[in-house]
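*Asks:* no FASTA, just this:
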C-alpha cells in the first residue's frame, strides 16, 4: 500500500486554497512548465482541480510554487502540473515536488495512470531528456508561451510501474529512496 507522503527531504506539499489564486496564476505565467487549461472564468478553473498544494522549502517555509492534480477521470487517470519559480527551485527540488505529487495521486485516488504534459523548457528541471521510449506523444507547436510556439510532450505513468519504481528490496534500491527523509519508504505511514 502506498501512503500519501507530502514531505520530502527538501520540500513539503501543503494544501492551497482559492486565496492563493493570484500567486498561482503568477506561477503559471513564470514557470511555463506545464499547460493548465483554465476556463475563461478562473473560479471555474479552480473547480476542476482535484488537489492543489503549495510547494514549500523545508528549511525556510518559503513558497516555491504550486503542484496540482486535475482532470480526474472515471477512466482511471488524472493529470499533474507543477509550477515552480525557476530561480528558486534548483538542484532537483522540482523533481522532488513531482515525485511527491505523483505518489500522492496513486495513494489518494482510484487511478491506474497519471498523465503528465510539459514542454522541452522543463526537461532539465525534471531530469527528462528527449527519450522517445518514455514519451506517449508530441503535439508539435501546440502551445504559445513567452513569444514562441512549444511542442507539448505527453507522458503516462501507470500505477504498476510506479509501485515497482518505489519498491525497495535489499538487492535493489529504488531511485526514489533519497527523496523521503530517512528511514521512511513510500510504503511507510508518514510522520
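*Replies:* Right, received. Where do you want to start? Because the structure is a prediction, the values reported are computed rather than measured.
*Asks:* make it CA atoms for all contacts and neighbour counts henceforth
*Replies:* Will do.
*Asks:* How about the residue most central in space within the chain: what's its closest non-neighbour residue?
*Replies:* A centroid search over the chain (CA atoms, centre = their mean) returns residue 98, at 3.3 Å, as the residue closest to the centre. Leaving aside its sequence neighbours, residue 98 sits nearest to residue 82 (CA to CA, 6 or more residues apart in numbering; 6.6 Å).
*Asks:* Against residue 94, how distant is the one you found?
*Replies:* 8 Å (CA to CA, to the nearest Å).
*Asks:* now swap in residue 115 and tell me
*Replies:* Separation of residue 115 from residue 94 (CA to CA): 17 Å.
*Asks:* One more: residue 4?
*Replies:* On the measure of CA to CA, residue 4 and residue 94 end up 18 Å apart.
*Asks:* okay, the two: which has more neighbours?
*Replies:* Of the pair residue 4 and residue 94, residue 94 is the one with more neighbours under other CA atoms under 10 Å, namely 27 against 21.
*Asks:* The more buried one sits in which helix or strand?
*Replies:* Assigned by DSSP states H and E, residue 94 belongs to helix 93-108.
*Asks:* and that helix, what does it pack onto?
*Replies:* In terms of contacts (3 or more CA pairs under 8 Å, 6 or more residues apart in numbering; DSSP states H and E), helix 93-108 is packed against strand 11-15, strand 63-70, strand 77-84.
*Asks:* so residue 6 touches residue 14, yeah?
*Replies:* Yes: if you go by CA atoms under 8 Å, residue 6 and residue 14 touch, sitting 7.2 Å apart.
*Asks:* For these two, work out which one has more neighbours and name it.
*Replies:* Comparing residue 6 with residue 14 by other CA under 10 Å, the one with more neighbours is residue 6, at 21 against 16.
*Asks:* show me the contacts for the more buried one.
*Replies:* 12, 13, 14, 100, 101, 104 (CA atoms under 8 Å, 6 or more residues apart in numbering).
*Asks:* For this structure, which segments count as helices?
*Replies:* 21-31, 42-47, 93-108, 159-166 (DSSP state H).
*Asks:* ok, back up a step: what would the contacts of residue 6 look like in JSON lines with distance to residue 49?
*Replies:* Shown next, in JSON lines, are the contacts of residue 6 (distance: CA to CA, whole Å):
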{"residue": "12", "distance to residue 49": "19"}
{"residue": "13", "distance to residue 49": "15"}
{"residue": "14", "distance to residue 49": "15"}
{"residue": "100", "distance to residue 49": "17"}
{"residue": "101", "distance to residue 49": "13"}
{"residue": "104", "distance to residue 49": "14"}
